[in-house]
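In: Pasted the sequence and its predicted model underneath.
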Amino acid sequence: MAHFEKAKNLNEWLDQRLAVNTLKKVLNTEYWIPKDINFLWAMGMVLAATFGILVLSGIFLLMYYKPDTNLAFDSVNYTIMSEVGYGWLWRHIHGVGASIVFLIIYIHMFTGIYYGSYKRGRELIWLSGMALFVAFSAEAFSGYMLPWGQMSYWAGMVITNLFSGGSLEAYGLVEWIRGDYVPGDAFLTRFFMLHVFLIPLVIIGLIVLHFGTLRIPHVNNQEGAEIDFKEAADLYKAGKKKESKVIPFSPVFLSKDVFVMGVYFILFFYLVFYNFNFAMDPVNFDPADGLKTPAHIYPEWYFLWSYEILRPFGKDAGLIAFAIAQLALFFLPFIDRSPNVAPAHKRGLFQVWFWVLLIDMIALTALGKLPPTDPTFAFLGKVAAWTFLALGPVLVIITMFEKKIEKGA
Amino acid sequence: MRELKILAVVVFFSLLTYYLVEPYAHHEMHKKVDAQGSEIKVEGHGFTYDGTDDIAEVDRVLSNLDYETKALTEKVKELKQELIDNNDVNKTEVQNSIDASERRISVIPADIEASKQLLTKKKAFWSDVAEVAKLEGNPAAGEAGFGLCLGCHNGANMNMGGVIPPNLDHAGAIYDKNYLIALIKDPAMASNVDHKYADTMMHPMGSIKSMMSDNQQIADVVAYLLQNKAGEVTPKEAFMEACVRCHAVRYGKLTQLGETPAFKHEKDALAHKIKVIDEQDAVKAYMGKLPPDLSMIIRARGEHFMETFIENPQSQLAGTSMPRVGLNHEGYEKVKAYLTEVGDPSKEKREALGPIVIGFFILFSLLALLWKKSQWRDLH
């Protein structure tokens, strides 16, 4: 038994048992963030807040949702939307949140790529972030099944079909995943379990890991400058705030985050109240019908780019291209051979590469939804998909020849 | 300022993506093109009915048939040339393809002739309707004529020839005058589903043509409806009269038999359910499939689709067995109001709460900005 003094107040009592004062320092008041940042550095907290909102709204929806193919559609569209007080609000928040969280994820990812924030000690930040992206994708897909509308059913059909592996014809695997020959009750309840339990658990774990990976290499800054955090922190603590290159996470960094979050929530709730169709596809307000294939089956916007990499090729080549596309971004820290951690506009050809990647992914996103029966769209889709696949090898080559930038010059 | 520039870039690419995957992609996806590849613009006519669409549809068929003839003749010419020029081709296959095309070419003239006749018939029909519309109708005289209608439109809730004849209590308020005239003259032509009755099948209201053939009599009956059956109508009544004979609305407790009563005993509830199933079977046999439940249709279809589809179902779903029901503008608004009440009941609450929540976050952001400024004051 360790020695304990009688505590004078609650804080001291907790500190003796949990070291809350140390914890507060490590996580907040002495967690140092570079001063040279812009609003894009707030996207992490915006994501955390959006995830919080998704959990909260999800809990309310979970109290009324019924995971049964006979009841699911009506429990969402009738019980929640018209009988439960403010049920419609929680549903709209959940639906819009699920879509907009991907916009922020993409902004967050492209910020990381632009400023080279995945390199030289920050590899694990990138990898845990990518794992989060995958987990969020699985969460979004499983959640999309739950209202059991036409798009839920047919998207579930198409995506689980991918597991047949093209010419491998592994239909046994597809049946095992579905628990049936076609999406049905077993399918719905297992995706319900994944959506409300297993995947959220994984996401929470990954968020903790993602925060953890930041602690030692620290957050990057706008110039990619290397900072002696100990020296800068001492300057700050000595009151020389102007001279110091860092700020504490709380309250200084947080004050900016909260402002950015405020602005973000104005947009968020504008979408919740006035412009939600992009996130809640009208087609999904038709109940699931296995005998009536919708004229157009397309995934939600955030999956379109990878869907379009699958589409223009033949059965097997398409699946291989799709698999490469899913994994390619994981390897970014290792295929970028450049010695520089610097913003793209200081890295010569890398800047061109960055904008080509961004525009190509937007092109893929658009073409993933446009009908491929139009020959122009089909051709553009092929070009965009090949461009994406080529961008990996191209990155290796251009970064191998990238000159080292002399810091402080 | 640098941050604003960065924000401008982020906003630009977000909006570009939004534009491409939402308005642009949906326009491309739902674009209707004819056989010749040119876009068919689906437009509403303000819920008035003069046959413009019906005639344009037949015109389009004719023009497509012309185009097909030319395209096939060209194809045959090319294939024949290929037979001469190229020795490597599979001659039987090419010859088969030539034969098939020539067979099709040989029957097209009959199709063209039939379409031309249909065009003449439709033009004559709608100009007759316009003639009747010009006549001064006498409501008092129309009352006697309306007696003929009551033989079927009697509220007995009995299926006759496929559906339960609708209640006409507010016919003068919710239906268009021209449409009513057209409907009495020729129900299948008026509702633009004459293609369904081309062979032997008789429209369930077809007998009206022989019962009421005099133009003045039609004008009188319509005048009677417009004067005596045009009282104030609620959204639900409008829906019940115009749509419910085919479409159930389970969130509004409506079936093809109308409103579902509350039953004390389960036995009665089950007996009612059986009656509903029987009625649905009859509608299904008549329509080809059971028309969809419309509980959530207001969220499942866009405004433009609803307007143009209700005005002329063929414009959005060519060949559909759904008849045009002839709602006027007021009637459409009432039906839409009912569907919104059932399928999107939170619309009003949503629109009322929106400004408050957004206002809160504007205030929140302003306060957060002040806090941020105070925290960052000494940093630079």
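Out: Noted; the coordinates are in hand.
In: Can you list the residue ranges for helices in the stretch 1-150 of chain A?
Out: A:10-18, A:20-24, A:43-62, A:72-74, A:87-114, A:123-145, A:150-161 (DSSP state H, counting those that start in this stretch).
In: can you list contacts of the helix or strand that contains residue A:365?
Out: In the assignment (DSSP states H and E), residue A:365 maps to helix A:349-369. Contact with helix A:349-369 is made by A:110, A:113-114, A:298-299, A:301, A:303-309, A:311, A:338, A:344-345, A:377, A:380-381, A:384-385, A:387-388, A:391, A:394-395, A:398-399, A:402, B:13, B:16-17, B:20-21, B:24-25, B:29, as judged by C-beta atoms under 8 Å, 6 or more residues apart in numbering or on different chains. The way it works is simple: take the backbone N, C-alpha and C, and place the C-beta from them, glycine included.
In: Export the one helix or strand in chain A whose mean pLDDT sits lowest to PDB, keeping only CA atoms.
Out: Between all helices and strands in chain A, the lowest mean by mean pLDDT, DSSP states H and E belongs to helix A:315-328, at a mean of 88. In PDB, the C-alpha atoms belonging to helix A:315-328 read as follows (Å, rounded to 0.1, in the frame of the first residue of the first chain):
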ATOM      1  CA  LYS A 315     -13.900  -7.900 -64.400                       C
ATOM      2  CA  ASP A 316     -10.600  -9.100 -63.000                       C
ATOM      3  CA  ALA A 317      -8.400  -6.100 -64.000                       C
ATOM      4  CA  GLY A 318     -11.100  -3.800 -62.500                       C
ATOM      5  CA  LEU A 319     -10.900  -5.700 -59.100                       C
ATOM      6  CA  ILE A 320      -7.100  -5.500 -59.100                       C
ATOM      7  CA  ALA A 321      -7.100  -1.800 -59.900                       C
ATOM      8  CA  PHE A 322      -9.700  -1.300 -57.200                       C
ATOM      9  CA  ALA A 323      -7.600  -3.200 -54.600                       C
ATOM     10  CA  ILE A 324      -4.500  -1.100 -55.600                       C
ATOM     11  CA  ALA A 325      -6.500   2.100 -55.200                       C
ATOM     12  CA  GLN A 326      -7.800   1.100 -51.800                       C
ATOM     13  CA  LEU A 327      -4.200   0.400 -50.600                       C
ATOM     14  CA  ALA A 328      -2.200   2.900 -52.600                       C
END
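In: In terms of secondary structure, what does it contact?
Out: Packing partners of helix A:315-328 (3 or more C-beta pairs under 8 Å, 6 or more residues apart in numbering or on different chains; DSSP states H and E): helix A:304-310, helix A:375-400.
In: any idea of the angle the last one forms with helix A:315-328?
Out: Using axes from the mean of the first three to the mean of the last three C-alpha atoms, to 10 degrees, one finds that helix A:375-400 and helix A:315-328 are set 40 degrees apart in direction.
In: sorry, back to before: now restrict the contacts of helix A:349-369 to buried residues only.
Out: The neighbour-count test (16 or more other C-beta atoms under 10 Å in any protein chain shown) marks A:110, A:113-114, A:298-299, A:301, A:303-309, A:311, A:338, A:344, A:377, A:380-381, A:384-385, A:387-388, A:391, A:394-395, A:398-399, A:402, B:13, B:17, B:20-21, B:25 as buried among the contacts of helix A:349-369.
In: Show the low-confidence segments of the stretch 51-200 of chain B, by residue range.
Out: B:199-200 (pLDDT under 70).
In: Closest residue of it to chain A?
Out: residue B:71 (17.7 Å; C-beta to the nearest C-beta).
In: Show the contacting residues for that residue.
Out: Taking C-beta under 8 Å, 6+ apart, one finds nothing in contact with residue B:71.
In: so residue B:247 makes contact with residue B:292?
Out: Yes: between residue B:247 and residue B:292 there is a contact under C-beta atoms under 8 Å: 6.9 Å.
In: Compare those two (neighbour count), which wins?
Out: Between residue B:247 and residue B:292, counted using other C-beta atoms under 10 Å in any protein chain shown, the more crowded position is residue B:247 (21 against 16).
In: Which residues are in contact with that one?
Out: B:256, B:291, B:292, B:293, B:294.
In: near chain A too, which of the residues you listed?
Out: residue B:292 (C-beta under 8 Å from any C-beta of the partner chain).
In: JSON lines please, covering the contacts of residue B:247 and showing secondary structure, distance to residue B:124 and pLDDT.
Out: As requested, these are arranged in JSON lines below (DSSP: H, G, I helix; E, B strand; the rest coil; distance: C-beta to C-beta, whole Å; pLDDT from 0 to 100):
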{"residue": "B:256", "secondary structure": "coil", "distance to residue B:124": "35", "pLDDT": "96"}
{"residue": "B:291", "secondary structure": "coil", "distance to residue B:124": "31", "pLDDT": "95"}
{"residue": "B:292", "secondary structure": "coil", "distance to residue B:124": "35", "pLDDT": "95"}
{"residue": "B:293", "secondary structure": "coil", "distance to residue B:124": "39", "pLDDT": "96"}
{"residue": "B:294", "secondary structure": "coil", "distance to residue B:124": "35", "pLDDT": "96"}
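In: what's the most buried one of the helices of the stretch 1-150 of chain A?
Out: helix A:72-74 (a mean of 22; mean count of other C-beta atoms under 10 Å in any protein chain shown).
In: what's the domain layout of chain A?
Out: Split into domains by automatic domain parsing, chain A comes to A:29-290, A:298-409.
In: between those, which one is nearest to residue B:325?
Out: Residue B:325 lies closest to domain A:29-290 among the domains of chain A, at 21.1 Å (C-beta to C-beta).
In: now the closest one: how far from the chain's centre is it?
Out: Computed by C-alpha atoms, centre = their mean, to the nearest Å, the chain-centroid distance of domain A:29-290 equals 5 Å.
In: Of all residues in the stretch 101-250 of chain B, which one is closest to chain A?
Out: For the stretch 101-250 of chain B, C-beta to the nearest C-beta, closest residue to chain A: residue B:250, 7.9 Å.
In: and that residue, how far is that from residue A:339?
Out: Using C-beta to C-beta, to the nearest Å, we find residue B:250 at a distance of 66 Å from residue A:339.
In: same check, this time on residue B:20
Out: Residue B:20 is 37 Å from residue A:339, where distance means C-beta to C-beta.
In: Repeat that for residue B:118.
Out: From residue B:118 to residue A:339 the distance is 77 Å (C-beta to C-beta).
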